[in-house]
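*Asks:* Here's a sequence, model it:
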Amino acid sequence: MSKTEIINSARKEGRAVLSEIESKELLKEIGIPTTQIQLAATEADAVGIGEKMGFPVVLKIASHDISHKSDAGGVKVGLKTKEDVAGAYAEIMDSVKQKFPKAKIEGASVQNMAKPGIEVIIGMTKDAQFGPVLMFGLGGIWVEVLKDVSFRIVPLTKNDASEMIKEIKGYPLLQGYRGMDPASISTLEDMLLKLSDFMEKNPEIKEMDLNPIFAYKDGAVAVDARVVLEEKS
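*Replies:* As a prediction, the model looks like this:
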């Protein structure tokens, strides 16, 4: 679906928060690499998609009523066989129905399992005075523990993007600390610039959260994504 179709579909259903599938479709449209993702409405669908996608895969609960998937027991990673996928699908559904009995469940998303990389975050919020503001920092659990982030007001220049990345205390990790592969700084700069341009042209977007992004020496991929729309006036 196009950006307009994705947003209109959410509006029609009265939703401000896009699903992970919708969020990743939006990112792909603006040139941000993401993991492959498809919705499986049944256990059989999940197994079939996993086979076509190629193991290992990840399953995540698909429900607009559940924001914290892991807390609901709604995430299973490293699934290497058809049997793994079938068992994980059943376990996810049982767990979610017990913890969120009133939640409307669409099924589960099936995603290819990205190879590990340096985890970073790119986020966007709107400041009451300055408008859209982009954030960059170390991602995953580290964003909450270390709060090692930098900020810039949209629109960004290439120099702004470069400075954002270099400002964080964890920048040595991105350069290849103690024999680790470095991250592709140019790829991360490109992501920041594409998101800056997108935010400037699409005021209907209220928040974006790409966390984690796995950064590699030859690229990067958004593993999880969340997009929130402005409330319709």
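*Asks:* Distance from the worst-scoring helix or strand of the chain on mean pLDDT to the middle of the chain?
*Replies:* Within the chain, confidence by mean pLDDT, DSSP states H and E is lowest for helix 142-145 among all helices and strands, at a mean of 70. For helix 142-145, the distance from its own C-alpha centre to the chain's C-alpha centre is 16 Å (C-alpha atoms, centre = their mean, to the nearest Å).
*Asks:* repeat for stretch 58-74
*Replies:* From the chain centre to the centre of stretch 58-74 is a distance of 13 Å (C-alpha atoms, centre = their mean).
*Asks:* Just the C-alphas of that stretch, formatted as PDB.
*Replies:* Extracted C-alpha coordinates of stretch 58-74, given in PDB (Å, rounded to 0.1, in the frame of the first residue of the first chain):
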ATOM      1  CA  VAL A  58      10.500 -14.200  14.200                       C
ATOM      2  CA  LEU A  59       6.800 -14.200  15.200                       C
ATOM      3  CA  LYS A  60       5.100 -11.200  16.800                       C
ATOM      4  CA  ILE A  61       1.500 -10.900  17.900                       C
ATOM      5  CA  ALA A  62      -0.500  -8.600  15.500                       C
ATOM      6  CA  SER A  63      -3.100  -6.600  17.500                       C
ATOM      7  CA  HIS A  64      -3.900  -2.900  17.600                       C
ATOM      8  CA  ASP A  65      -4.900  -3.400  21.300                       C
ATOM      9  CA  ILE A  66      -1.500  -4.600  22.400                       C
ATOM     10  CA  SER A  67       1.400  -2.100  22.300                       C
ATOM     11  CA  HIS A  68       4.000  -4.000  24.400                       C
ATOM     12  CA  LYS A  69       4.200  -7.300  22.600                       C
ATOM     13  CA  SER A  70       7.000  -8.900  24.700                       C
ATOM     14  CA  ASP A  71       5.100  -8.200  28.000                       C
ATOM     15  CA  ALA A  72       2.200 -10.100  26.500                       C
ATOM     16  CA  GLY A  73       4.300 -13.100  25.600                       C
ATOM     17  CA  GLY A  74       3.700 -12.100  22.000                       C
END
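*Asks:* May I see the buried residues of that stretch?
*Replies:* For stretch 58-74, burial by neighbour count (16 or more other C-beta atoms under 10 Å) applies to 58-64, 66, 69, 72-74. C-beta coordinates here come from the backbone N, C-alpha and C atoms, glycine included.
*Asks:* residues making contact with it?
*Replies:* Residues from elsewhere that reach stretch 58-74, judged by C-beta atoms under 8 Å, 6 or more residues apart in numbering: 13, 15, 17, 19-21, 35, 39-40, 46, 75-79, 85, 88-89, 91-92, 95-96, 99-100, 102-113.
*Asks:* Check stretch 78-96 too.
*Replies:* So stretch 78-96 is contacted by 40, 43, 46-47, 50-51, 55-59, 61, 63, 66, 72-76, 103, 105, 108, 110, 113 (C-beta under 8 Å, 6+ apart).
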